[in-house]
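> Quick check, what structure comes out for this input:
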Amino acid sequence: MGQKLKITGWVAAGAFAGALTTVSLQTVARGSLAPLPLEELQQLAAVFGMVKSDYVESVDEKKLISDAISGMVAGLDPHSQYFDKKSFKEFKEGTTGRFVGVGIEISQEDGLVKVVSPIEGSPAFRAGLKPNDLITKIDDTAVRGLTLNEAVKRMRGEASTKVMLTIFRKDENRTFPVTITREEIRTQSVRGKMLDSGYGWIRLSQFQERTVEDFVKKVEELYKASPNMKGLVLDLRNDPGGLLDAAVAVSAAFLPENVTVVSTDGQLPESKSVYKASPEYYQRRAGSDPLRGLPPALKSVPLVVLVNEGSASASEIVAGALQDHKRATVMGSQTFGKGSVQTVRPLGPDTGLKITTARYYTPSGASIQARGIVPNVLVDETAEGSPYAILRMREADLDKHLTSGQGPEDKSPDREKARDEARKRLEAEALKPPQDRKVPEFGSDKDFPLMQALAQLRGQPVLVSKTQVERKEEKKEN
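Below you'll find the predicted structure:
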(Lines give C-alpha, C1' and ligand atoms only; values in the text may rest on other atoms or scores of the structure.)
Protein backbone atom coordinates (compact mmCIF):
# COMPACT_ATOMS: atom_id res chain seq x y z
CA MET A 1 0.00 0.00 0.00
CA GLY A 2 1.46 3.35 -1.03
CA GLN A 3 0.51 5.23 2.10
CA LYS A 4 -1.48 4.92 5.29
CA LEU A 5 -4.22 7.39 5.96
CA LYS A 6 -4.62 8.44 9.53
CA ILE A 7 -7.61 9.79 11.35
CA THR A 8 -6.97 12.32 14.06
CA GLY A 9 -7.38 15.94 15.02
CA TRP A 10 -10.66 17.27 16.32
CA VAL A 11 -13.71 19.31 15.54
CA ALA A 12 -16.15 20.69 18.07
CA ALA A 13 -19.57 19.15 17.63
CA GLY A 14 -21.59 20.58 20.47
CA ALA A 15 -22.06 19.34 24.01
CA PHE A 16 -22.79 15.76 23.11
CA ALA A 17 -20.72 14.64 20.13
CA GLY A 18 -17.40 15.14 18.46
CA ALA A 19 -15.59 13.73 15.50
CA LEU A 20 -11.94 13.14 14.76
CA THR A 21 -10.83 13.75 11.19
CA THR A 22 -9.01 11.56 8.73
CA VAL A 23 -5.48 12.47 7.80
CA SER A 24 -2.30 11.34 6.13
CA LEU A 25 1.00 12.96 7.01
CA GLN A 26 2.78 13.82 3.78
CA THR A 27 5.95 15.77 3.02
CA VAL A 28 5.81 15.66 -0.77
CA ALA A 29 4.11 18.59 -2.45
CA ARG A 30 2.00 18.17 -5.57
CA GLY A 31 4.05 18.22 -8.74
CA SER A 32 1.55 20.08 -10.92
CA LEU A 33 -0.07 23.24 -9.59
CA ALA A 34 -2.77 25.19 -11.42
CA PRO A 35 -1.75 28.66 -12.71
CA LEU A 36 -1.75 31.21 -9.89
CA PRO A 37 -4.37 34.00 -10.03
CA LEU A 38 -1.88 36.86 -10.11
CA GLU A 39 -4.42 39.70 -9.92
CA GLU A 40 -6.03 38.28 -6.78
CA LEU A 41 -2.63 37.61 -5.20
CA GLN A 42 -1.67 41.21 -5.90
CA GLN A 43 -4.84 42.31 -4.09
CA LEU A 44 -3.91 40.11 -1.14
CA ALA A 45 -0.46 41.68 -1.03
CA ALA A 46 -2.00 45.16 -1.27
CA VAL A 47 -4.36 44.47 1.66
CA PHE A 48 -1.46 43.10 3.67
CA GLY A 49 0.49 46.28 3.01
CA MET A 50 -2.43 48.56 3.90
CA VAL A 51 -3.11 46.76 7.18
CA LYS A 52 0.57 46.83 8.03
CA SER A 53 0.94 50.55 7.34
CA ASP A 54 -2.52 52.07 8.01
CA TYR A 55 -4.07 50.08 10.87
CA VAL A 56 -4.64 52.01 14.09
CA GLU A 57 -1.86 50.15 15.88
CA SER A 58 1.09 47.99 14.91
CA VAL A 59 0.19 44.47 13.76
CA ASP A 60 2.51 41.47 13.83
CA GLU A 61 3.33 40.39 10.26
CA LYS A 62 3.49 36.69 11.10
CA LYS A 63 0.08 36.83 12.77
CA LEU A 64 -1.41 38.56 9.71
CA ILE A 65 -0.14 35.82 7.41
CA SER A 66 -1.20 33.06 9.81
CA ASP A 67 -4.70 34.55 10.09
CA ALA A 68 -4.95 34.88 6.30
CA ILE A 69 -4.06 31.21 5.82
CA SER A 70 -6.47 30.16 8.59
CA GLY A 71 -9.31 32.10 7.04
CA MET A 72 -8.67 30.69 3.57
CA VAL A 73 -8.70 27.10 4.81
CA ALA A 74 -11.59 27.55 7.27
CA GLY A 75 -13.82 28.63 4.38
CA LEU A 76 -13.55 25.19 2.76
CA ASP A 77 -15.25 22.81 5.20
CA PRO A 78 -15.33 22.09 8.97
CA HIS A 79 -12.34 19.76 8.93
CA SER A 80 -9.75 21.58 6.82
CA GLN A 81 -7.44 23.53 9.13
CA TYR A 82 -4.17 25.44 9.33
CA PHE A 83 -2.01 24.28 12.25
CA ASP A 84 0.18 26.81 14.02
CA LYS A 85 2.95 25.58 16.30
CA LYS A 86 0.72 24.95 19.33
CA SER A 87 -2.19 23.30 17.49
CA PHE A 88 0.19 21.11 15.43
CA LYS A 89 1.71 19.74 18.64
CA GLU A 90 -1.76 19.02 20.09
CA PHE A 91 -2.80 17.41 16.81
CA LYS A 92 0.15 15.00 16.82
CA GLU A 93 -0.53 14.08 20.46
CA GLY A 94 -3.99 12.90 19.39
CA THR A 95 -2.59 10.27 17.01
CA THR A 96 -0.29 8.69 19.56
CA GLY A 97 -2.62 8.63 22.53
CA ARG A 98 0.17 10.24 24.54
CA PHE A 99 0.17 13.56 26.35
CA VAL A 100 1.76 15.19 29.38
CA GLY A 101 -0.60 15.45 32.33
CA VAL A 102 -1.71 13.77 35.55
CA GLY A 103 -3.41 10.69 34.08
CA ILE A 104 -7.13 10.67 34.82
CA GLU A 105 -10.25 9.98 32.80
CA ILE A 106 -12.74 12.69 33.70
CA SER A 107 -16.29 13.90 33.23
CA GLN A 108 -18.25 16.85 34.60
CA GLU A 109 -20.71 16.75 37.47
CA ASP A 110 -22.54 19.69 39.01
CA GLY A 111 -20.01 22.14 37.51
CA LEU A 112 -17.00 20.26 38.91
CA VAL A 113 -14.54 17.85 37.32
CA LYS A 114 -15.30 14.26 38.30
CA VAL A 115 -12.65 11.54 38.26
CA VAL A 116 -14.09 8.63 36.29
CA SER A 117 -10.93 6.58 36.65
CA PRO A 118 -7.23 7.23 37.23
CA ILE A 119 -5.12 5.64 34.48
CA GLU A 120 -3.24 2.72 35.99
CA GLY A 121 0.38 3.57 36.80
CA SER A 122 -0.14 7.31 36.19
CA PRO A 123 0.87 10.09 38.65
CA ALA A 124 -2.80 10.48 39.67
CA PHE A 125 -3.05 6.72 40.29
CA ARG A 126 0.08 6.78 42.46
CA ALA A 127 -1.21 9.87 44.31
CA GLY A 128 -4.27 7.90 45.41
CA LEU A 129 -7.01 9.59 43.38
CA LYS A 130 -10.15 7.47 43.20
CA PRO A 131 -13.19 7.16 40.94
CA ASN A 132 -15.91 9.68 41.89
CA ASP A 133 -13.43 12.13 43.44
CA LEU A 134 -14.43 15.71 42.57
CA ILE A 135 -11.78 18.27 41.61
CA THR A 136 -12.79 21.68 42.98
CA LYS A 137 -9.62 23.67 42.27
CA ILE A 138 -6.66 23.40 39.89
CA ASP A 139 -3.79 25.27 41.52
CA ASP A 140 -5.48 28.52 42.58
CA THR A 141 -8.28 28.41 39.99
CA ALA A 142 -11.77 27.30 40.99
CA VAL A 143 -13.08 24.61 38.66
CA ARG A 144 -16.70 25.76 38.82
CA GLY A 145 -17.22 27.99 35.81
CA LEU A 146 -14.55 26.30 33.67
CA THR A 147 -15.45 24.16 30.70
CA LEU A 148 -14.12 20.61 30.70
CA ASN A 149 -11.60 21.53 27.99
CA GLU A 150 -10.38 24.52 30.01
CA ALA A 151 -9.90 22.28 33.04
CA VAL A 152 -7.99 19.74 30.95
CA LYS A 153 -5.64 22.45 29.61
CA ARG A 154 -4.87 23.60 33.15
CA MET A 155 -4.05 20.06 34.28
CA ARG A 156 -1.79 19.45 31.30
CA GLY A 157 1.61 21.07 30.97
CA GLU A 158 5.31 20.34 30.64
CA ALA A 159 6.78 17.11 31.96
CA SER A 160 8.20 17.25 35.52
CA THR A 161 6.17 20.36 36.43
CA LYS A 162 3.72 20.25 39.34
CA VAL A 163 0.02 20.95 39.63
CA MET A 164 -2.02 21.07 42.84
CA LEU A 165 -5.53 19.62 42.70
CA THR A 166 -8.04 20.23 45.47
CA ILE A 167 -10.12 17.09 45.90
CA PHE A 168 -13.54 16.61 47.48
CA ARG A 169 -14.09 12.93 48.33
CA LYS A 170 -17.82 12.49 48.87
CA ASP A 171 -17.80 9.12 50.60
CA GLU A 172 -15.37 10.49 53.22
CA ASN A 173 -16.94 13.97 53.30
CA ARG A 174 -13.57 15.72 53.22
CA THR A 175 -11.62 18.13 51.04
CA PHE A 176 -7.84 17.90 50.67
CA PRO A 177 -5.06 19.06 48.32
CA VAL A 178 -2.91 16.73 46.22
CA THR A 179 0.26 17.92 44.46
CA ILE A 180 1.02 15.85 41.37
CA THR A 181 4.06 15.92 39.09
CA ARG A 182 3.06 15.77 35.43
CA GLU A 183 4.36 12.95 33.25
CA GLU A 184 3.83 11.64 29.74
CA ILE A 185 0.59 9.65 29.83
CA ARG A 186 -0.49 6.86 27.51
CA THR A 187 -4.27 6.79 27.28
CA GLN A 188 -6.21 3.56 27.44
CA SER A 189 -8.47 3.17 24.40
CA VAL A 190 -9.62 -0.43 25.02
CA ARG A 191 -11.73 -1.76 27.87
CA GLY A 192 -13.55 -5.06 28.20
CA LYS A 193 -14.94 -7.77 30.42
CA MET A 194 -17.11 -10.85 30.49
CA LEU A 195 -20.67 -9.76 31.21
CA ASP A 196 -22.11 -13.13 32.19
CA SER A 197 -22.40 -16.73 31.06
CA GLY A 198 -20.23 -16.57 27.97
CA TYR A 199 -20.98 -13.09 26.62
CA GLY A 200 -18.15 -10.57 26.25
CA TRP A 201 -17.98 -6.78 25.94
CA ILE A 202 -15.15 -4.79 24.37
CA ARG A 203 -15.27 -1.00 24.24
CA LEU A 204 -13.04 1.08 21.97
CA SER A 205 -13.00 4.76 22.98
CA GLN A 206 -10.62 5.81 20.19
CA PHE A 207 -8.40 4.29 17.47
CA GLN A 208 -4.81 5.07 18.50
CA GLU A 209 -1.36 3.63 17.87
CA ARG A 210 -1.69 1.04 20.66
CA THR A 211 -5.36 0.24 20.09
CA VAL A 212 -4.81 -2.86 17.93
CA GLU A 213 -2.24 -4.30 20.34
CA ASP A 214 -4.50 -3.62 23.32
CA PHE A 215 -7.54 -4.97 21.44
CA VAL A 216 -5.73 -8.26 20.73
CA LYS A 217 -4.69 -8.58 24.40
CA LYS A 218 -8.24 -7.92 25.58
CA VAL A 219 -9.73 -10.48 23.17
CA GLU A 220 -7.20 -13.09 24.29
CA GLU A 221 -7.99 -12.30 27.92
CA LEU A 222 -11.74 -12.74 27.35
CA TYR A 223 -11.29 -16.02 25.48
CA LYS A 224 -9.04 -17.30 28.25
CA ALA A 225 -11.83 -16.55 30.74
CA SER A 226 -14.49 -18.04 28.45
CA PRO A 227 -13.03 -20.36 25.73
CA ASN A 228 -16.51 -21.13 24.38
CA MET A 229 -17.72 -17.56 24.11
CA LYS A 230 -21.36 -17.38 22.96
CA GLY A 231 -21.37 -13.80 21.76
CA LEU A 232 -19.51 -10.50 21.79
CA VAL A 233 -20.54 -6.83 21.93
CA LEU A 234 -18.16 -4.39 20.22
CA ASP A 235 -18.98 -1.01 21.76
CA LEU A 236 -18.11 2.00 19.56
CA ARG A 237 -20.42 4.53 21.22
CA ASN A 238 -18.89 8.02 21.49
CA ASP A 239 -15.76 6.77 19.69
CA PRO A 240 -14.73 9.84 17.66
CA GLY A 241 -12.23 8.07 15.41
CA GLY A 242 -8.48 7.61 15.29
CA LEU A 243 -6.05 5.83 12.99
CA LEU A 244 -7.36 4.27 9.81
CA ASP A 245 -4.94 1.32 9.92
CA ALA A 246 -6.28 0.54 13.41
CA ALA A 247 -9.87 0.64 12.11
CA VAL A 248 -8.95 -1.66 9.23
CA ALA A 249 -7.22 -4.06 11.65
CA VAL A 250 -10.18 -4.23 14.04
CA SER A 251 -12.50 -4.86 11.08
CA ALA A 252 -10.14 -7.54 9.74
CA ALA A 253 -10.18 -9.33 13.11
CA PHE A 254 -13.81 -10.29 12.45
CA LEU A 255 -13.93 -10.49 8.63
CA PRO A 256 -12.74 -13.05 6.04
CA GLU A 257 -9.29 -12.27 4.68
CA ASN A 258 -8.94 -9.81 1.81
CA VAL A 259 -12.52 -8.53 1.68
CA THR A 260 -12.95 -4.76 1.26
CA VAL A 261 -13.15 -2.75 4.50
CA VAL A 262 -13.39 0.80 3.10
CA SER A 263 -12.57 2.77 -0.03
CA THR A 264 -11.75 6.43 -0.67
CA ASP A 265 -12.18 8.67 -3.69
CA GLY A 266 -10.96 12.19 -4.45
CA GLN A 267 -9.09 14.33 -7.01
CA LEU A 268 -5.58 13.06 -6.33
CA PRO A 269 -4.54 9.61 -7.60
CA GLU A 270 -3.45 8.64 -4.08
CA SER A 271 -6.94 9.53 -2.81
CA LYS A 272 -8.46 6.71 -4.87
CA SER A 273 -7.75 3.70 -2.66
CA VAL A 274 -9.29 0.45 -1.47
CA TYR A 275 -8.39 -0.91 1.98
CA LYS A 276 -8.86 -4.63 2.58
CA ALA A 277 -8.84 -7.07 5.49
CA SER A 278 -5.25 -8.08 4.82
CA PRO A 279 -2.08 -7.44 6.88
CA GLU A 280 -0.49 -5.21 4.22
CA TYR A 281 -3.23 -2.64 4.86
CA TYR A 282 -2.83 -2.41 8.62
CA GLN A 283 0.49 -3.81 9.82
CA ARG A 284 3.00 -1.23 11.01
CA ARG A 285 6.11 -3.38 10.63
CA ALA A 286 6.95 -5.52 7.62
CA GLY A 287 6.17 -9.19 8.19
CA SER A 288 4.45 -8.56 11.52
CA ASP A 289 0.70 -9.22 11.60
CA PRO A 290 -0.64 -7.87 14.93
CA LEU A 291 -3.74 -10.09 14.60
CA ARG A 292 -1.86 -13.37 14.24
CA GLY A 293 -2.47 -14.40 17.88
CA LEU A 294 -6.24 -13.96 17.84
CA PRO A 295 -8.39 -17.07 18.44
CA PRO A 296 -9.92 -18.36 15.16
CA ALA A 297 -13.35 -18.40 16.84
CA LEU A 298 -13.41 -14.58 16.67
CA LYS A 299 -14.18 -14.83 12.94
CA SER A 300 -17.53 -16.50 13.63
CA VAL A 301 -18.61 -15.52 17.15
CA PRO A 302 -22.07 -13.85 17.10
CA LEU A 303 -21.38 -10.11 17.12
CA VAL A 304 -23.30 -6.92 17.93
CA VAL A 305 -21.79 -3.48 17.28
CA LEU A 306 -23.13 -0.63 19.43
CA VAL A 307 -23.03 2.90 17.96
CA ASN A 308 -24.57 6.30 18.62
CA GLU A 309 -24.41 9.89 17.35
CA GLY A 310 -20.93 10.23 18.84
CA SER A 311 -19.52 7.34 16.79
CA ALA A 312 -17.53 8.96 14.00
CA SER A 313 -14.95 8.46 11.29
CA ALA A 314 -12.89 5.33 12.08
CA SER A 315 -15.67 3.85 14.20
CA GLU A 316 -18.09 4.39 11.31
CA ILE A 317 -15.67 2.58 9.01
CA VAL A 318 -15.67 -0.46 11.31
CA ALA A 319 -19.45 -0.45 11.79
CA GLY A 320 -20.05 0.02 8.05
CA ALA A 321 -17.69 -2.80 7.06
CA LEU A 322 -19.12 -5.30 9.56
CA GLN A 323 -22.67 -4.30 8.58
CA ASP A 324 -22.13 -4.50 4.80
CA HIS A 325 -20.49 -7.92 5.07
CA LYS A 326 -23.36 -9.07 7.33
CA ARG A 327 -20.80 -10.02 9.96
CA ALA A 328 -22.52 -8.12 12.77
CA THR A 329 -25.83 -6.61 13.81
CA VAL A 330 -25.33 -2.87 14.27
CA MET A 331 -27.51 -1.46 17.06
CA GLY A 332 -28.07 1.97 18.59
CA SER A 333 -28.50 5.36 16.92
CA GLN A 334 -27.47 6.72 13.54
CA THR A 335 -23.79 7.70 13.64
CA PHE A 336 -22.12 11.10 13.24
CA GLY A 337 -21.48 11.02 9.48
CA LYS A 338 -17.80 12.00 9.36
CA GLY A 339 -16.97 10.43 6.01
CA SER A 340 -14.28 12.72 4.58
CA VAL A 341 -10.52 12.22 4.42
CA GLN A 342 -8.08 14.92 5.43
CA THR A 343 -4.42 14.97 4.38
CA VAL A 344 -1.88 16.79 6.55
CA ARG A 345 1.06 18.37 4.76
CA PRO A 346 3.79 19.93 6.91
CA LEU A 347 4.55 23.55 5.98
CA GLY A 348 7.70 23.66 8.09
CA PRO A 349 9.19 21.97 11.14
CA ASP A 350 6.22 22.79 13.41
CA THR A 351 3.28 23.99 11.27
CA GLY A 352 1.04 22.20 8.82
CA LEU A 353 -2.05 22.22 6.63
CA LYS A 354 -4.90 19.73 7.02
CA ILE A 355 -7.04 19.67 3.89
CA THR A 356 -9.95 17.48 2.82
CA THR A 357 -8.87 15.24 -0.06
CA ALA A 358 -11.41 12.40 -0.35
CA ARG A 359 -14.65 10.79 0.84
CA TYR A 360 -15.08 7.42 2.54
CA TYR A 361 -17.27 4.66 1.12
CA THR A 362 -18.41 1.44 2.81
CA PRO A 363 -17.81 -1.89 1.03
CA SER A 364 -21.22 -1.60 -0.69
CA GLY A 365 -20.21 1.78 -2.14
CA ALA A 366 -22.35 3.93 0.20
CA SER A 367 -20.89 7.29 1.27
CA ILE A 368 -20.54 7.79 5.03
CA GLN A 369 -20.31 11.58 4.62
CA ALA A 370 -23.15 13.60 6.22
CA ARG A 371 -25.24 10.44 6.58
CA GLY A 372 -23.34 8.05 8.79
CA ILE A 373 -24.21 4.43 9.47
CA VAL A 374 -27.87 3.58 10.06
CA PRO A 375 -28.12 0.70 12.57
CA ASN A 376 -29.89 -2.54 11.67
CA VAL A 377 -31.78 -2.14 14.95
CA LEU A 378 -32.52 1.35 16.29
CA VAL A 379 -32.27 1.36 20.09
CA ASP A 380 -32.78 4.27 22.49
CA GLU A 381 -30.39 5.35 25.23
CA THR A 382 -32.86 4.50 27.98
CA ALA A 383 -36.09 2.55 28.35
CA GLU A 384 -37.87 5.93 28.25
CA GLY A 385 -36.28 6.91 24.94
CA SER A 386 -33.53 9.30 23.83
CA PRO A 387 -34.94 12.70 24.79
CA TYR A 388 -31.77 14.68 24.08
CA ALA A 389 -30.51 12.94 20.94
CA ILE A 390 -32.00 15.69 18.78
CA LEU A 391 -29.56 18.16 20.40
CA ARG A 392 -26.50 16.19 19.42
CA MET A 393 -24.61 17.73 16.56
CA ARG A 394 -23.77 15.56 13.59
CA GLU A 395 -21.67 16.17 10.49
CA ALA A 396 -24.74 17.38 8.60
CA ASP A 397 -25.20 20.14 11.21
CA LEU A 398 -21.72 21.60 10.75
CA ASP A 399 -21.38 24.78 8.73
CA LYS A 400 -19.95 24.25 5.23
CA HIS A 401 -20.08 20.45 5.55
CA LEU A 402 -19.44 18.40 2.42
CA THR A 403 -22.42 16.60 0.95
CA SER A 404 -22.33 12.84 0.48
CA GLY A 405 -22.28 13.25 -3.29
CA GLN A 406 -24.97 10.58 -3.53
CA GLY A 407 -28.54 11.56 -4.28
CA PRO A 408 -30.80 14.44 -3.24
CA GLU A 409 -30.83 16.03 0.19
CA ASP A 410 -33.78 16.51 2.50
CA LYS A 411 -34.50 19.29 4.99
CA SER A 412 -36.64 18.49 8.01
CA PRO A 413 -38.92 21.43 8.91
CA ASP A 414 -39.65 19.89 12.32
CA ARG A 415 -36.03 19.60 13.47
CA GLU A 416 -35.68 23.03 15.13
CA LYS A 417 -39.03 22.61 16.86
CA ALA A 418 -37.91 19.25 18.27
CA ARG A 419 -34.63 20.81 19.39
CA ASP A 420 -36.44 23.57 21.27
CA GLU A 421 -38.56 21.00 23.09
CA ALA A 422 -35.47 18.94 23.97
CA ARG A 423 -33.67 22.04 25.27
CA LYS A 424 -36.58 22.73 27.61
CA ARG A 425 -36.48 19.14 28.91
CA LEU A 426 -32.71 19.41 29.41
CA GLU A 427 -33.11 22.66 31.38
CA ALA A 428 -35.70 21.00 33.62
CA GLU A 429 -33.39 18.00 34.08
CA ALA A 430 -30.53 20.30 35.11
CA LEU A 431 -32.58 21.52 38.07
CA LYS A 432 -32.65 18.04 39.58
CA PRO A 433 -30.09 16.98 42.23
CA PRO A 434 -26.89 15.59 40.64
CA GLN A 435 -27.54 12.05 41.91
CA ASP A 436 -30.85 11.99 40.05
CA ARG A 437 -29.41 12.90 36.65
CA LYS A 438 -26.39 10.64 36.35
CA VAL A 439 -25.96 8.81 33.07
CA PRO A 440 -25.41 5.07 33.60
CA GLU A 441 -21.80 4.08 32.98
CA PHE A 442 -21.07 2.19 29.76
CA GLY A 443 -20.67 -1.48 30.56
CA SER A 444 -22.84 -1.51 33.68
CA ASP A 445 -26.02 -3.53 34.16
CA LYS A 446 -27.96 -0.24 33.91
CA ASP A 447 -26.56 0.43 30.44
CA PHE A 448 -29.82 0.08 28.48
CA PRO A 449 -28.37 -0.28 24.92
CA LEU A 450 -25.86 -2.85 26.17
CA MET A 451 -28.66 -4.88 27.77
CA GLN A 452 -30.51 -4.80 24.43
CA ALA A 453 -27.37 -5.98 22.64
CA LEU A 454 -27.16 -8.90 25.08
CA ALA A 455 -30.81 -9.72 24.42
CA GLN A 456 -30.07 -9.73 20.67
CA LEU A 457 -27.19 -12.18 21.16
CA ARG A 458 -29.33 -14.44 23.35
CA GLY A 459 -32.19 -14.47 20.87
CA GLN A 460 -34.46 -12.63 23.30
CA PRO A 461 -36.84 -9.76 22.48
CA VAL A 462 -35.17 -6.37 21.96
CA LEU A 463 -36.86 -3.11 22.97
CA VAL A 464 -36.59 -1.36 19.61
CA SER A 465 -36.95 2.43 19.48
CA LYS A 466 -40.45 3.59 18.61
CA THR A 467 -39.36 7.13 17.78
CA GLN A 468 -36.01 7.02 15.97
CA VAL A 469 -36.03 7.22 12.19
CA GLU A 470 -33.19 7.52 9.72
CA ARG A 471 -32.08 11.10 9.41
CA LYS A 472 -31.50 12.04 5.79
CA GLU A 473 -28.76 14.43 4.76
CA GLU A 474 -30.06 17.95 5.09
CA LYS A 475 -29.86 20.45 2.27
CA LYS A 476 -27.02 22.94 2.58
CA GLU A 477 -27.86 26.62 2.73
CA ASN A 478 -26.08 28.72 0.10
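> remind me which residues of the stretch 1-150 of the chain are low pLDDT?
1-34, 93-97 (pLDDT under 70).
> now swap in the stretch 251-400 of the chain and tell me
387-394, 399.
> Mind doing that once more with 90?
270, 284-288, 309-310, 341-345, 348-349, 354, 370-371, 381-400 (pLDDT under 90).
> Would you map the helices across it?
Secondary structure of the stretch 251-400 of the chain (DSSP state H, counting those that start in this stretch): helices at 314-324.
> Report whether the expected contact of Gly242 with Gln206 is present.
Yes - proximity of Gly242 to Gln206 meets the contact threshold set by Cβ atoms under 8 Å, at 4.7 Å. C-beta here means a position set from N, CA and C on the backbone, and glycine is covered the same way.
> Comparing the two, which shows the higher neighbour count?
Using other Cβ atoms under 10 Å, the more surrounded residue of Gly242 and Gln206 is Gly242, with 29 against 23.
> That one bridge partners, please.
Phe207 (DSSP bridges).
> Count the residues that sit near Ser313.
33.
> ok, it to Leu76 distance?
18 Å (Cβ to Cβ, to the nearest Å).
> again, but for Asp235
Relative to Leu76, and taking Cβ to Cβ, Asp235 is found at 33 Å.
> Between these two, which is the more surrounded one?
Per other Cβ under 10 Å, whichever of Asp235 and Leu76 has more neighbours is Asp235, with 27 against 13.
> That one against Gly443, yeah?
Yes - with contact defined as Cβ under 8 Å, Asp235 reaches Gly443; the gap is 7.5 Å.
> Tell me the residues that contact both of these two, please.
Shared contacts of Asp235 and Gly443 (Cβ atoms under 8 Å, 6 or more residues apart in numbering): 201, 203, 450.
> Format the residues you listed as JSON lines; extra columns: pLDDT.
As requested, the shared contacts of Asp235 and Gly443 are exported to JSON lines (pLDDT from 0 to 100):
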{"residue": "Trp201", "pLDDT": "98"}
{"residue": "Arg203", "pLDDT": "96"}
{"residue": "Leu450", "pLDDT": "97"}
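> of those residues, closest to Asp67?
Arg203 (40.5 Å; Cβ to Cβ).
> give me phi/psi at the residue lying closest to that closest one once chain neighbours are set aside?
In space, Arg203 comes closest to Asp235 once its chain neighbours are excluded; the distance is 4.0 Å by Cβ to Cβ, 6 or more residues apart in numbering. Main-chain dihedrals, Asp235, degrees, to the nearest 10: phi -100, psi 110.
> now Lys218
Residue torsions, per degrees, to the nearest 10, at Lys218 are phi -70, psi -40.
> And it, how far from Phe336?
Counting by Cβ to Cβ, the gap from Lys218 to Phe336 is 24 Å.
> Quick check: Gln456 is in a helix.
Yes - counting by DSSP: H, G, I helix; E, B strand; the rest coil, Gln456 falls inside a helix.
> Hmm, it is touching Thr329, no?
Yes - the pair Gln456 / Thr329 is scored as a contact, 5.9 Å apart, by Cβ under 8 Å.
> Can you check which residues contact both of the two?
Shared contacts of Gln456 and Thr329, counting by Cβ under 8 Å, 6+ apart, come down to 304, 377.
> mind checking pLDDT for the most centrally placed residue in the chain?
Central residue of the chain (Cα atoms, centre = their mean): Pro240, 1.1 Å from the mean position. Confidence at Pro240, expressed as pLDDT, is 86.
> still on that earlier bit, who does the residue nearest to Arg203 bridge with?
Arg203, Leu306.
> Enumerate every residue touching it.
201-204, 306, 442-443, 450.
> again, only this time at 10 Å
Asp235 makes contact with 191-192, 201-205, 304-308, 311, 315, 332, 442-443, 447, 449-450, 453, according to Cβ atoms under 10 Å, 6 or more residues apart in numbering.
> Strands of the stretch 1-150 of the chain, residue ranges please.
All strands of the stretch 1-150 of the chain, identified by DSSP state E, counting those that start in this stretch, fall at 6-8, 12-13, 17-18, 21-23, 81-83, 98-101, 104-109, 112-118, 134-138, 141-142.
> sorry, that was for the stretch 301-450 of the chain
303-307, 329-332, 340-346, 352-361, 377-378.
> Would you mind giving those as TSV with mean neighbour count added?
Below are these laid out as TSV (neighbours: other Cβ atoms under 10 Å):
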stretch	mean neighbour count
strand 303-307	27
strand 329-332	25
strand 340-346	23
strand 352-361	23
strand 377-378	18
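> Ok, which of those strands comes nearest Glu158?
strand 352-361 (22.0 Å).
> what's the angle between the closest one and helix 314-324?
10 degrees (axes from the mean of the first three to the mean of the last three Cα atoms, to 10 degrees).
> And strand 352-361, what does it pack against?
strand 21-23, helix 61-74, strand 81-83, helix 85-96, strand 260-265, strand 273-276, helix 314-324, strand 340-346 (3 or more Cβ pairs under 10 Å, 6 or more residues apart in numbering; DSSP states H and E).
> ok now the second one, how far from the chain's centre?
Averaging C-alpha positions (Cα atoms, centre = their mean, to the nearest Å) puts helix 61-74 27 Å from its chain's average.
> That helix vs strand 352-361, what angle?
10 degrees.
> in helix 61-74, what counts as buried?
69, 73 (16 or more other Cβ atoms under 10 Å).
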